[in-house]
Every structure is written in structure tokens, then in C-alpha cells.
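Asker: Predicted structure and sequence below. I'll ask about it afterward.
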Amino acid sequence: MKNNKCLVIGGGGFLGIHIVRCLLDNGIPVRVFDRNNLKIRKVLENPAGMEDVTGDVFNNDELSSVLEGVTDIVYLAHTTVPSSSMNDMMFDLESNILPLIGLLQSLQKSGLERNFVYFSSGGTVYGDIEPQTPVLENQQLLPISSYGLTKMIAEHYLRLCLSKSSIRSYVLRPSNAYGEWQNLQKPQGVVGHYLKALAFNEPIVLYGDGAIVRDYVYAGDIAEAVRLCIQDRSGAPGKTCIFNVGSSKGVSLTDMIEIIQDVTGKNLNINHQPDRGFDCRYNVLDCSAIATQLGWQPKVGLEEGISKTWIMIQKELTDE
């Protein structure tokens, strides 16, 4: 595997940092391609085996250039979050689907054998799950946000474009990701949002009655799932494997508030607001498929992961 190089598109952010660290730790050289690589440069300090390139997926020349010499690709680029996607659905569609189609068509013509990992969303593509039991990958997809719909469309284009290629593709559907280096300015991610509120002594906004149930997974565990996909050579060329990546444990927002208060020793100030309408009431993932096929299991429990994240947030504030 040491001769392989993995391209991580959109790898300059929160999940990208965890993924790049994991790949480098396992001897896989990485090329990071992102519009802004400042954070990953600061966190990882340009370790041996990492090359970072600043560019945009909309620029075909830049994208073609970074594809040279790589054997595997991880695609993280996405311009919206669930709440912002509803504000401008046309932008959500154009900015997230068109660049992906262009890349997939280029790969389709290349004739090279690669592993391609696309990040979908286990938290939004399924929509409201009835009855409320952990959901399998073959569940009908009925997203209730533009974000989830765009992710679903992307999955279908991936399958369509690469089905006749020599590329093995993997769709990862993570549940609610959290961990160190999360972008606290984005209106996404309950754990990061609540910890930021504690750090800055601000109130949190709790939409609805607090009974919404989510599945939370530590970013380092997601990175390990990516590594297993990148190193997998058992799949047939042209085949797309779809995997849920989560804890398979449901936690209500009310319970999450209590856990965060217990871990940090601080109380949250709660601002109650009406339900937003595009939040799924229940979302817990059945992750038996990736466990069976790739041997993946989450290793970091919720309390441990929140503690790691809280320590990093405090450190970052101190360094500033």
C-alpha cells in the first residue's frame, strides 16, 4: 500500500483532518485538494507524506492536475448544510452535483483502477424512519431536506457513471459526526454547537421538544472506515458498496444535553424554539454491513469523544 497515493477532495476541513491523519498513520501518502487548506496545514504542520493543493472542484484544469499520480480518491466536497440547503435549493443542486458529475465522467474515461469513496449522509437521506428502529442501507430513501436529496442524487450518479468502469466505489453514510477541529461557525453538528455555546457562555437553541433521536459517531472512527474502504481490494470493478457508519445507538437531544453537562461540568442555557420542519424525528443507523464486509466497528464512545472534543476546543481558545 505504500506506493499508493490517496486524493482527498474537500479534505481541508474537520473530517478531512481526521481522514488525512488516519491515512498517513497507516503509511498511505495523501494529496489534499481544497479551496482552503489553512486549517489542515496548521493542525498537521505538513507532515511527511502529505501534499496540499489549493483549488476548486469547479476548475476542470485544477481538478485534472491533482488526479495525476493518485490511486484512490475520497470525495468530501459539499457546499451546504441541511439548514442552508433549504434557503437556495437551486444553488444546492448546481454547486454539489455538477462538479461531481464532471469528475465522475473524467474517471469513467481514464480506464484506471481506483477506489473511490463518496461521503453521503446517513443522517438525512433516509428521512423520517417508521417504525423507529435502526435503519439498514436498503431502506427506501425519502429525504426531507434539499441537502439529503442532493446526497441521494449524488449516490445515483456515482453508481451510474462508474458502473462500467474499473473503479470500485464506496458510499459512506455517516450519522452525526463530531470530534476535534469541527467548524464551530457552521450551523451543523449538535455536539460542536453545544460545546461552542459552553465555551463562549452563550445559550443553545433547542428546536422542538428535545425528543429528536440521533446516532452520533466520532470523526476518528469515520476516518478508520475510510481507510478500510481505501485498502479494500476485494470488490469487483464497477461495483458500488453502500455502508452506514454510525454508533447504532440513539440519543435524544435532551439526553445529549445531560451528557455534555456531565462531561464538561457546566450547565447549558437553553433557548427553546419551535420545530424547524426539516429535522428527522428519529435517525439511528444499523451498521452491520460494514462490520461484516470490512470489519469496522466504532471504538470511541460518546462520553470519551465529547471529552476529546471539549479539550481541543478549550485548547484552541487558549491558543488564540
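Answerer: It's in.
Asker: In terms of pLDDT, where does Val66 sit?
Answerer: What the model reports for Val66 is a pLDDT of 94.
Asker: and it, what does it touch?
Answerer: For Val66, the contacting residues are Leu7, Ile9, Arg31, Phe33, Val53, Gly55, taking Cβ atoms under 8 Å, 6 or more residues apart in numbering as the criterion. The way it works is simple: take the backbone N, C-alpha and C, and place the C-beta from them, glycine included.
Asker: Please report how far it lies from Gly127.
Answerer: 35 Å (Cβ to Cβ, to the nearest Å).
Asker: Arg214 too?
Answerer: 14 Å.
Asker: So for these two, which residue has more residues nearby?
Answerer: When Arg214 and Gly127 are compared for neighbours, Arg214 comes out ahead with 24 against 21, by other Cβ atoms under 10 Å.
Asker: next one: phi and psi at the more buried one?
Answerer: Arg214 has phi and psi values of phi -130, psi 160 when expressed as degrees, to the nearest 10.
Asker: who's it bridged to?
Answerer: Val251, Asn283 (DSSP bridges).
Asker: all numbers from here: first residue = 842
Answerer: Sounds good: first residue 842 from here, last item Arg1055.
Asker: So what's the predicted local confidence for it?
Answerer: Per-residue pLDDT puts Arg1055 at 94.
Asker: Is it in contact with Ala1018, as I believe?
Answerer: No: counting by Cβ atoms under 8 Å, Arg1055 sits too far from Ala1018 to count as a contact (11.0 Å).
Asker: In contact with Asp1116, which residues?
Answerer: Under the criterion of Cβ under 8 Å, 6+ apart, the contact list for Asp1116 reads Tyr1048, Gly1049, Asp1050.
Asker: Check which helix or strand the residue lying closest to Ile942 once chain neighbours are set aside maps to.
Answerer: The spatial neighbour of Ile942 that comes closest, neighbours along the chain excluded (Cβ to Cβ, 6 or more residues apart in numbering), is Tyr998 at 5.7 Å. Element membership of Tyr998 [criterion: DSSP states H and E] is helix 987-1003.
Asker: Check which residues of that helix are buried.
Answerer: 987-996, 999-1000, 1002-1003 (16 or more other Cβ atoms under 10 Å).
Asker: quick one: which of these is nearest Gly1030?
Answerer: For Gly1030, the nearest member of the buried residues of helix 987-1003 is Tyr988. The distance, counting by Cβ to Cβ, is 13.2 Å.
Asker: Distance check, that closest one against Asp902.
Answerer: Here the distance between Tyr988 and Asp902 works out to 29 Å (Cβ to Cβ).
Asker: any idea where the helices of the stretch 842-991 of the chain begin and end?
Answerer: Taking DSSP state H, counting those that start in this stretch as the test, the helices found in the stretch 842-991 of the chain are 855-866, 879-885, 901-908, 923-926, 930-951, 987-1003.
Asker: List the buried residues for the second one?
Answerer: By neighbour count, with 16+ other Cβ under 10 Å as the criterion, the buried positions of helix 879-885 are Lys880, Ile881, Leu885.
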